[in-house]
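Participant: Sequence first, then the predicted structure:
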Amino acid sequence: MNLGQMLAQTAQRLPNKPAIRFRDQETTYADFDTRANQVANGLIALGIKPGDRVALLLHNVPLFMEAYYGILKAGAAVVPMNVLYKPAEIEYIIKDSGARALLTLAAFAPQALQAAASAPEMEKVIVASPEETPGAILWRDVFGQTSEAAPNVTVGDDDIAVIPYTSGTTGRPKGAMLTHRNLIANCEQCEHVERIKPQENDVAWIALPLFHIYAMNVGMNLTVKAGGTMALIERFEPGSALESIQTNKCTVLYGAPPMFVV
């Protein structure tokens, strides 16, 4: 099983179950899977092929999740990037990974476009924005009218799924090439730890950044595998964190020590 199939299976089993809660919006698993299919089909129409790399410069918004699974359903590998990166850092990762496309928001488009201009491998910058962005393609024009059906793409368990980059504390950041099997195996390991394993009726609080592996795999992928609901928090802030936990009746909290200390 690959990660795209994992989402599709949960959507088939629990189509009307809330998958994502973000602000005052709620997305069911059926809609989540459909939007991921649209991203996949849009990327395929742009020429993205299995094995290609697609960069994500997005923070904790539902578009990250839809794009993440859409890239995987297209057979490509996700290259997640910290939204605080400067253009030179983005450029380095684009060149090092060989990413052919980059998906981002209007707020991060200037950095993305500046970096892409110096990276000949980068062919398409796709921006989620209500207005035209010179040098980029609008998200709605690529994914808005594409097929909602699952793409006809074969994705193997040992295909590269995600290439997260290390912090580079002792040198340049290095991409860790993680397969679908790697990530699903980690989810299965977590399912043997009672304090970590989410249940179908759990609501997981996800405030850690999705472009880091902890929130991405233990927070998002593990919860999707279980069929739980994800309360997605755009940015951690102590006061609003307590409010969101109460409002969403969260039962699983994924966090780092400093978040609990404050």
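Facilitator: Yep, that arrived. The shown structure was predicted, so the numbers you read here are calculated from the model rather than taken from an experiment.
Participant: helices or strands next to the helix ranked longest in the chain in the packing?
Facilitator: In the chain, taking DSSP state H as the definition, the longest helix is helix 29-45. Contacts defined by 3 or more CB pairs under 8 Å, 6 or more residues apart in numbering; DSSP states H and E place helix 29-45 against helix 3-13, strand 18-22, helix 62-73, helix 139-143. Heads up, the C-betas are built off the backbone N, CA and C, glycines and all.
Participant: could the ones you listed be laid out in CSV, adding distance to Thr223?
Facilitator: Converted to CSV, the helices and strands packed on helix 29-45 look like this (distance: least, CB to CB, whole Å):
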stretch, distance to Thr223
helix 3-13, 10
strand 18-22, 9
helix 62-73, 10
helix 139-143, 24
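Participant: okay if I get those as TSV plus distance to His180, mean pLDDT and mean neighbour count?
Facilitator: TSV is the format used below for those (distance: least, CB to CB, whole Å; pLDDT from 0 to 100; neighbours: other CB atoms under 10 Å):
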stretch	distance to His180	mean pLDDT	mean neighbour count
helix 3-13	5	98	20
strand 18-22	20	98	21
helix 62-73	8	98	26
helix 139-143	22	96	18
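Participant: pLDDT score for Tyr254?
Facilitator: With respect to pLDDT, Tyr254 has a value of 90.
Participant: Now it: closest residue in space that isn't a chain neighbour?
Facilitator: Residue nearest to Tyr254 in three dimensions, not counting chain neighbours: Gly219, with 4.5 Å by CB to CB, 6 or more residues apart in numbering.
Participant: Between the two ends of stretch 128-139, how far is it?
Facilitator: End-to-end distance of stretch 128-139 (CA to CA, to the nearest Å): 5 Å.
Participant: ditto for stretch 204-213
Facilitator: Note: stretch 204-213 ends 16 Å apart using CA to CA.
Participant: Could you do stretch 215-231 as well?
Facilitator: 12 Å.
Participant: Average pLDDT for that stretch, rounded please.
Facilitator: For stretch 215-231, the mean per-residue pLDDT is 97.
Participant: Please point out which parts of it sit buried.
Facilitator: Under the neighbour-count criterion of 16 or more other CB atoms under 10 Å, stretch 215-231 has 215-231 buried.
Participant: tell me how far the following helix or strand past the longest helix of the chain is from the chain's mean position?
Facilitator: Using DSSP states H and E, the helix or strand that follows helix 29-45 in sequence is strand 53-57. Centroid separation between strand 53-57 and its chain, computed with CA atoms, centre = their mean, to the nearest Å, is 9 Å.
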